[in-house]
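Trainee: Would you be able to build a 3D model of this:
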Amino acid sequence: MKKAEVVFIPFPGPSHLDSTLEFAKLLTNRDKRLRITVLVMKLPYTSESDVNTKSLPTSDSLDIINLPEVSLPPNIEPTSRMMAFLEAQKSNVKQAVSNLTTTREKHGTLTAFVVDMFCTKMIDIAKEFSVPTLVFFTSGVASLGSNLHIHTLRERDNVDSNQLQQQTELAIPTFANSVPIYSLPSSMLNKEWESFFMNYAGGLKKANGIIVNSFEELESHAVQSFFSHPDLASLPVIYPAGPIINPEPKTKGTVGSDDIIKWLDDQPLSSVVFLCFGTRGTFDEDQIKEIAHAIEDSGVHFIWSLRKPKPKGVAMVAPSDYSLTELGLVLPEGFLDRTAGIGRVIGWAPQTQILAHPATGGFVSHCGWNSILESMYFGVPIATWPLFAEQQTNAFQLVHELKMAVEIVLDYRVEFNGEPNYLVTADKIERGIRNVLEKDGEVRKKVKEMSEKSRKTLLEGGSSYSHLGRLIDFIVNQI
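Mentor: Next comes the predicted model:
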């Protein structure tokens, strides 16, 4: 039987790469007619992508090719960096796909590209090989709709970033409520990011279909709007095929992760609040002290993943972990001693294992989409504290559309230069921590119900199972 060869091109950031690799596994497990080759690019000045792909077993159906590294001019503007990186990788992608088509005759027919939401520049290469391109969108359907809608407003109605900023809220088809302007990503609102945004959102519209890491039961209004709203119905077809997460991550051997799980084993059911802000979430010392005061005043049991900011003025470098001495300097004096009985301050966190643990009762989160899906899957309510990208949009959706999170803040954001727009005070944080741990609250009830649905949707008869089937038919019909 001839296999359908699909080329995956993920963006090399950890959260994008992880969910893309999970999706590749999901597809090959579901249908033996598919063969997937993942082309992994490495961002200049970082080793992030190495870690994620090493643990993935390659097989007859799944292969990983690490593309050669490219270098970028040293003084390139942040707004142009990503596009320049992808442009530089095009020849490597083309070469790798050419090699596939010449050496893989016995394996299968090249049928499609699946490219990350940030990698739509690679649609040009797919066209050269005369195959369709599907975009893998690593956030939600409502967020996808807001990108497409604002692109339409810019292109069709000439609405620029200044006009957007002058409004207080905006009607977006994928949201039932009007969305406050402060809930939109900075890249939509800032003049200097206009051309980046137009390239990015315009690229989404060029695809033959968009796979979204979400599911109909979670975002029913947003999904329906894609089929019914005139502005969206003419756009590429969507396949909500999530939640694409790894529910059983293997983090054995990671420094400290076994200790944390052992500590959780000794805590009462649903009593621990977990504070974690993603792979790039960091705070300055003033903000760290406010969080510490809030934790201490609330008296709750806690695990706090506290990361050290990258040095000022250095691009593309991920946060690192504080040493014990450094922790003593950034936290209020004596904090670690006074809270030793009720909590742990750690660096990198085995997030999925912590969320899966029955002692974890609440999650103070930056509202990255993968974190939202994981917390929902494990039935842990979120207290929202968005930082950047589409996290403000996600936070608004969770609190006001889905009513499945409590609010710490919705309008906090870290600007592109790394500066936050304000200081969140300890009393506000403490209120959020107390609310998210409420045992019998409406939010907890809703999250538990959605947890059940998220576990069923990818099983036969579930909506994501059906959308995945439609997607596979589309791919296989290209042979």
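
Trainee: hey, which helix or strand in the protein has the poorest pLDDT?
Mentor: helix 48-54 (a mean of 52; mean pLDDT, DSSP states H and E).

Trainee: Give me the distance between whichever helix or strand comes after that helix and the centre of its chain.
Mentor: Toward the C-terminal end, the helix or strand that comes next after helix 48-54 (DSSP states H and E) is strand 62-66. Centroid separation for strand 62-66 versus its chain: 22 Å, with C-alpha atoms, centre = their mean, to the nearest Å.

Trainee: which of the residues in strand 62-66 are buried?
Mentor: Within strand 62-66, the residues that count as buried by 16 or more other C-beta atoms under 10 Å are Leu62, Asp63, Ile64, Ile65. For every residue, glycine as well, the C-beta is placed using N, CA and C.

Trainee: Tell me the one among these nearest to Val38.
Mentor: Using C-beta to C-beta, Ile64 comes nearest to Val38 of the buried residues of strand 62-66, at 4.8 Å.

Trainee: C-terminal to the longest strand seen in the chain, what's the next element?
Mentor: Secondary structure of the chain read by DSSP state E shows that its longest strand is strand 108-116. Per DSSP H and E, strand 108-116 leads on to helix 123-128 as the next helix or strand towards the C-terminus.

Trainee: export that next one as PDB, just CAs?
Mentor: Provided in PDB are the C-alpha atoms of helix 123-128 (Å, rounded to 0.1, in the frame of the first residue of the first chain):
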ATOM      1  CA  ILE A 123       3.500  27.600   1.700                       C
ATOM      2  CA  ASP A 124       5.600  28.800  -1.200                       C
ATOM      3  CA  ILE A 125       7.700  25.600  -1.100                       C
ATOM      4  CA  ALA A 126       4.600  23.400  -0.900                       C
ATOM      5  CA  LYS A 127       3.300  25.100  -4.100                       C
ATOM      6  CA  GLU A 128       6.600  24.300  -5.900                       C
END
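
Trainee: Outside of that helix itself, list whatever touches it.
Mentor: Lys90, Val93, Lys94, Val97, Ala112, Phe113, Val115, Pro132, Thr133, Gly203, Lys206, Ala207 (C-beta atoms under 8 Å, 6 or more residues apart in numbering).

Trainee: and that helix, what's its mean pLDDT?
Mentor: Averaged across helix 123-128, the pLDDT comes to 98.

Trainee: before we move on, the earlier item: just among the contacts of helix 123-128, which is most surrounded?
Mentor: Val115 (28 neighbours; other C-beta atoms under 10 Å).

Trainee: surely Glu442 meets Lys403?
Mentor: Yes - using C-beta atoms under 8 Å, Glu442 is in contact with Lys403, at 7.1 Å.

Trainee: For burial, what's the neighbour tally of Ala222?
Mentor: 28.

Trainee: That one: which element?
Mentor: Using DSSP H and E, Ala222 falls within helix 220-228.

Trainee: Which secondary structure elements does the helix or strand that that helix is followed by sit against?
Mentor: Using DSSP H and E, the helix or strand that directly follows helix 220-228 along the chain is helix 230-233. Packed against helix 230-233 by the contact rule (3 or more C-beta pairs under 8 Å, 6 or more residues apart in numbering; DSSP states H and E) you find helix 141-157, helix 220-228.

Trainee: Please tabulate the ones you listed in a markdown table, including the columns mean pLDDT.
Mentor: Shown next, in a markdown table, are the helices and strands packed on helix 230-233 (pLDDT from 0 to 100):
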| stretch | mean pLDDT |
| --- | --- |
| helix 141-157 | 97 |
| helix 220-228 | 97 |
